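In: I'll drop the sequence and a predicted model, then ask my questions.
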Amino acid sequence: MQSIDDILGQIRLPERVYPLCMRADLRAEWEQAEQELAKAEAQARDSLAGVGAAGKKVASRIQQLEQEMADHTIGIKLRAVTHKGWSDLLAAHPPREDTDDGAFNTDTFGVGLLAACAIDPAMTFDQAGLLVDRLTIGQWNDLFNTLWQLNRSGDDIPKSRRASEALRKSPKK
């Protein structure tokens with residue numbers, strides 16, 4: 001049996017990578033192209049020729065846009081804080097007296113949590129605030145939910161069904 005010192009020395013906090021697309025503006029063009037392709041596919045149902053050259057050109061543009069968005073997506077590596085780190089964050093961002101914030105100040109806690117969890121790139125509270133100010137509310141909600149789940153949920157050992165299926169389908173040697 002391992003000693004508690006051995007166990008404590010082996011513990012690693014959970015980590016996640018949050019994908020942040022810095023060219024989210026391309027989404028509108030992508031959606032328009034998707035609609036054009038849907039129209040081409042609907043028209044192709046009445047033809048034996050398929051979507052035709054125009055449809056293939058739109059499909060190609062969709063893939064170009066997807067690649068461009070992927071090329072402009074960075075990963076922000078996040079690491080959970082310890083139980084004490086969480087308590088310290090709550091203490092540093094207490095709820096405001098004049099609101100129904102609950103357990104923490106909703107204006108500052110999330111930014112503090114991002115600063116505490118971001119390891120690559122690392123960021124200060126002020127830098128995290130600048131990042132949050134550049135995001136839409138939807139992007140911020142997504143990032144905050146990632147931070148919340150990283151810190152507030154258990155970390156079961158994941159099982160990849162895709163990996164299991166790929167190995168099962170592989171030819172045996």
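Out: Looks like it arrived, so ask away. Everything quoted here is computed from the prediction, not taken from an experiment.

In: Please make it C-alpha for all contacts and neighbour counts, starting now.
Out: Will do.

In: what about the protein, any weak spots by pLDDT?
Out: Segments of the chain classed as low confidence (criterion: pLDDT under 70) are 46-49, 172-173.

In: Could I get the full set of helices for it?
Out: Per DSSP state H, the chain carries helices over the ranges 4-10, 26-44, 52-71, 83-92, 109-117, 125-134, 137-152, 161-169.

In: So what's the gap between the shortest one and the chain middle?
Out: Relative to the centre of its chain, helix 4-10 is centred 31 Å away, using CA atoms, centre = their mean, to the nearest Å.

In: Output that helix as PDB - backbone C-alpha positions only.
Out: Provided in PDB are the C-alpha atoms of helix 4-10 (Å, rounded to 0.1, in the frame of the first residue of the first chain):
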ATOM      1  CA  ILE A   4      -0.100   9.300   1.800                       C
ATOM      2  CA  ASP A   5       3.100  11.100   0.900                       C
ATOM      3  CA  ASP A   6       3.400   8.900  -2.200                       C
ATOM      4  CA  ILE A   7      -0.200   9.600  -3.100                       C
ATOM      5  CA  LEU A   8       0.100  13.300  -2.600                       C
ATOM      6  CA  GLY A   9       3.300  13.400  -4.800                       C
ATOM      7  CA  GLN A  10       1.400  11.700  -7.700                       C
END
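
In: looking at the helices of the chain, which is closest to residue 98?
Out: With CA to CA as the measure, helix 109-117 is the member of these nearest residue 98 (16.3 Å).

In: rewinding a little: now distance to residue 103 and mean neighbour count too, for the helices of the chain, in CSV please.
Out: Written out in CSV, the entries for the helices of the chain read as follows (distance: least, CA to CA, whole Å; neighbours: other CA atoms under 10 Å):
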stretch, distance to residue 103, mean neighbour count
helix 4-10, 29, 9
helix 26-44, 36, 15
helix 52-71, 37, 15
helix 83-92, 7, 14
helix 109-117, 10, 22
helix 125-134, 19, 14
helix 137-152, 14, 16
helix 161-169, 38, 10
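
In: Which one, of those helices, ends up nearest to residue 16?
Out: The stretch from the helices of the chain with the least distance to residue 16 (CA to CA) is helix 137-152; that distance is 7.2 Å.

In: show me what contacts the closest residue to residue 150 other than its chain neighbours?
Out: For residue 150, ignoring the flanking residues on the chain, the nearest one in space by CA to CA, 6 or more residues apart in numbering is residue 80 at 5.8 Å. By CA atoms under 8 Å, 6 or more residues apart in numbering, residue 80 lies in contact with 13-15, 117, 147, 150-151.

In: on that earlier part again, now tabulate the helices of the chain in JSON lines and tack on distance to residue 98.
Out: Listed next are the helices of the chain as JSON lines, based on distance: least, CA to CA, whole Å:
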{"stretch": "helix 4-10", "distance to residue 98": "41"}
{"stretch": "helix 26-44", "distance to residue 98": "39"}
{"stretch": "helix 52-71", "distance to residue 98": "42"}
{"stretch": "helix 83-92", "distance to residue 98": "17"}
{"stretch": "helix 109-117", "distance to residue 98": "16"}
{"stretch": "helix 125-134", "distance to residue 98": "23"}
{"stretch": "helix 137-152", "distance to residue 98": "23"}
{"stretch": "helix 161-169", "distance to residue 98": "49"}
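
In: Kind regards, and thank you for your time.
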